[in-house]
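Colleague: Provide a 3D model corresponding to the input given below.
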Amino acid sequence: MHISFKEKHFLNSFIYAFIASFGGFLFGYQAGIISAALLFLKKSFQLTIFEQQFLVSIILIGGLLGSYVGGFLSDKFGRKKTFFISLSILIISTLMQGFSQGKEHLMISRFIAGISIGIFTAIVPMYIAEISDPKYRGRLVSLYQFFLVSGILISNFVGVYFSKSQNWQMMFILGIVPAIFMFLGCFFIPESPSWLSIKNRQSKAIEVLKNVRLDINNSEIFQKNDKNQKKISFKSLFEKNNKSALIVGMGLNIFRQITGINIVTYYAPIIFQIAGLIDPKTAMIATTIVSFFNILANFLTLWLVDIIGRKPLLITGLSLMAASLIGIVLFFILKLTSAFLVVFLLTLFKASFAIGLGTNSWLINSEIYSAKIRGRANGISTFINWGSNYLVSMTFLSMLHFFGTNMTFFSYAMICIMALIFVVKKVPETKGKDFLEVQKFFNK
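Modeller: Numbers count the residues shown, from 1 in each chain. The predicted structure follows:
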């Protein structure tokens, strides 16, 4: 599919998606920087294994709250105003992290940061989907995941740079730079046409839509609203067609986490040290290599997602994830000595995640819900995502301690196979379809 940046409508939606996607970069940076900082925080604050896990996962508890609240905020105040709310919270919490005087202070500030990025996860993919032409929607929503992994990569570079001085404070403080950039950029993006239409601001919705789509005739904003359904109750999320979509969305977000991706994001340096790369700087360099190839895989996915489609990429990605985890199990069973084999296998694992669940779980969630419930449904689905993320991050080190590396990684491999079965049986293909076309699948 050819993309022309000279096409006014695509260029407008690309610029809006680019600015909104910094929410993904901020998420990636906040999630990734802890893996570098933890190497020094555990010494500075004498952290136990439980405290290390809790410091990593406290941001996820905040994310749980933020993702749930974010859906409601975006439905009530709009996507754009919710961006400003989230950014204000993040800027304050980033400064709090950098100037933390004790582990309790740091944990509180990480929790507050989690609220902010939880809001981003609920609304950024949804906003981008709503200002995109169906022809380009896959690539534009995929920018969010691309920016997310870019944030992780930059956090790895920052971690390597400050590893010699062990200056974990600056690792956190530098996160304020992209937050300020996005804050300024949000003054130049429009409100979502779907939200404007729901709020009976039809003329403004049409004006925005004309700036981002060549053909607006099939847009959901022209769908007639039943006056009795203007106020959407919580029960409406579980009506037959909405419930089916919610099961798909929640299922993808659960598997996104419990297949183990964030054991790499949060604990890659520790895994590499277990495999034999003892030096902290060497472990961080290996982590950066993993993140670099993750970027390449995400870039490839930007090109493929609107050509091949969502479902084939999910199937391919999950199959390779399972294979790479089984490879890690064999590495430890056979007691191989080359730690760089683990670097390769974790690189394959994370790149396969990028091709499959990494991009497509956000994308499909932004596509499958009707406009009236989209904010709340995304909020609930993202809440489930954060809860699953918390479960993994809070248990990984304990699983290694009690069950060993073999059983731990084998368990994640089996979950990847379960996710593969779910995708084959339950997930629809949404490539190139308008929101109303996607809804027909769930209305059967």
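
Colleague: tell me the spacing between the residue nearest to residue 419 when sequence neighbours are not counted and residue 416.
Modeller: Nearest non-adjacent residue to residue 419, counting by Cβ to Cβ, 6 or more residues apart in numbering: residue 255, 3.8 Å away. All C-beta spots, glycine's among them, are computed from the backbone N, C-alpha and C. According to Cβ to Cβ, to the nearest Å, residue 255 and residue 416 sit 8 Å apart.

Colleague: and the two? Which one has more around it.
Modeller: Counted by other Cβ atoms under 10 Å, residue 255 and residue 416 do not tie: residue 416 has more neighbours, with 27 against 24.

Colleague: for that one, which non-adjacent residue is closest in space?
Modeller: Setting aside the residues directly before and after it, residue 416 is nearest to residue 322 in space (Cβ to Cβ, 6+ apart), at 3.9 Å.

Colleague: burial count for that neighbour?
Modeller: Neighbour tally, residue 322, other Cβ under 10 Å: 22.

Colleague: quick one: residues contacting it.
Modeller: 413, 416-417, 420 (Cβ atoms under 8 Å, 6 or more residues apart in numbering).

Colleague: related to what we said a few turns ago, show me what contacts the residue nearest to residue 419?
Modeller: 357, 361, 415, 418-419, 422.

Colleague: mind checking which of the contacts of residue 322 are in strands?
Modeller: Residues of these located in strands (DSSP state E): none.

Colleague: which one of the residues you listed sits in the busiest neighbourhood?
Modeller: Taking other Cβ under 10 Å as the neighbour criterion, residue 416 ranks highest of the contacts of residue 322 with 27 neighbours.

Colleague: OK, contacts around residue 282?
Modeller: Per Cβ under 8 Å, 6+ apart, neighbours of residue 282: residue 272.

Colleague: could you measure from it over to residue 164?
Modeller: In terms of Cβ to Cβ, residue 282 sits 13 Å off from residue 164.

Colleague: same check on residue 362?
Modeller: 36 Å.

Colleague: looking at those two, which one has more neighbours?
Modeller: When neighbours are counted by other Cβ under 10 Å, residue 362 comes out ahead of the other of residue 362 and residue 164, with 29 against 9.

Colleague: just say helix, strand or coil for the more buried one.
Modeller: Counting by DSSP: H, G, I helix; E, B strand; the rest coil, the backbone at residue 362 sits in helix.

Colleague: hey, where'd the strands end up in this protein?
Modeller: Under DSSP E, the chain gives no strands.

Colleague: for residue 418, give me its contacts.
Modeller: residue 255.

Colleague: now do it against residue 255, distance only.
Modeller: 8 Å.

Colleague: any low-confidence regions in the chain?
Modeller: Scanning the chain for pLDDT under 70 picks out the ranges 1-6, 218, 223-236, 444.

Colleague: state which helix of it is the longest.
Modeller: Ranked by number of residues, the top helix in the chain under DSSP state H is helix 374-426.

Colleague: now that one, how far from the centre of its chain.
Modeller: Helix 374-426 sits 14 Å away from the centroid of its parent chain (Cα atoms, centre = their mean, to the nearest Å).

Colleague: buried set for stretch 209-220?
Modeller: The neighbour-count check on stretch 209-220 (16 or more other Cβ atoms under 10 Å) flags 209, 212-213, 216, 219-220 as buried.

Colleague: whoops, stretch 189-203 was the one
Modeller: In stretch 189-203, counting by 16+ other Cβ under 10 Å, buried: 189-198, 201.

Colleague: could you do stretch 275-288 as well?
Modeller: Counting neighbours by 16+ other Cβ under 10 Å, stretch 275-288 gives 275, 277, 280, 282-288 as buried.

Colleague: and stretch 26-36, by the same measure?
Modeller: Residues 26-36 are the ones in stretch 26-36 that count as buried (16+ other Cβ under 10 Å).

Colleague: how near is the closest residue to residue 432 other than its chain neighbours to residue 219?
Modeller: Counting by Cβ to Cβ, 6+ apart, residue 134 is the residue found nearest to residue 432 once chain neighbours are left out, at 5.9 Å. Residue 134 is 10 Å from residue 219, where distance means Cβ to Cβ.

Colleague: find residues that contact each of those two.
Modeller: With Cβ under 8 Å, 6+ apart, residue 134 and residue 219 have common neighbours 434-435.

Colleague: hey, where'd the helices end up in the stretch 101-250 of the chain?
Modeller: 103-130, 137-163, 168-173, 176-185, 193-198, 202-212, 240-258 (DSSP state H, counting those that start in this stretch).

Colleague: CA atoms only for stretch 162-174, dumped as CSV, please.
Modeller: The C-alpha trace of stretch 162-174 is given here as CSV (Å, rounded to 0.1, in the frame of the first residue of the first chain):
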residue,chain,number,x,y,z
PHE,A,162,24.6,6.8,33.7
SER,A,163,25.6,3.3,34.8
LYS,A,164,29.2,4.4,35.4
SER,A,165,28.2,7.3,37.7
GLN,A,166,25.3,5.3,39.1
ASN,A,167,23.2,8.5,38.9
TRP,A,168,19.7,7.0,39.0
GLN,A,169,18.2,10.4,39.8
MET,A,170,19.0,11.8,36.3
MET,A,171,17.7,8.6,34.8
PHE,A,172,14.3,9.5,36.1
ILE,A,173,14.5,13.3,35.6
LEU,A,174,15.2,13.1,31.9
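
Colleague: quick one: contacts of it?
Modeller: By Cβ under 8 Å, 6+ apart, stretch 162-174 touches 33, 36-37, 39-41, 44, 94-95, 97-100, 155, 158-159, 280-281, 284.

Colleague: so how far is that stretch from its chain's centroid?
Modeller: On Cα atoms, centre = their mean, the centre of stretch 162-174 falls 24 Å from that of its chain.

Colleague: and that stretch, what's buried?
Modeller: 162-163, 168-169, 171-172, 174.

Colleague: now the nearest residue to residue 183 once chain neighbours are set aside: how far from residue 211?
Modeller: Spatial nearest neighbour of residue 183, chain neighbours left out: residue 87 (4.7 Å); criterion: Cβ to Cβ, 6+ apart. Going from residue 87 to residue 211 by Cβ to Cβ gives 23 Å.
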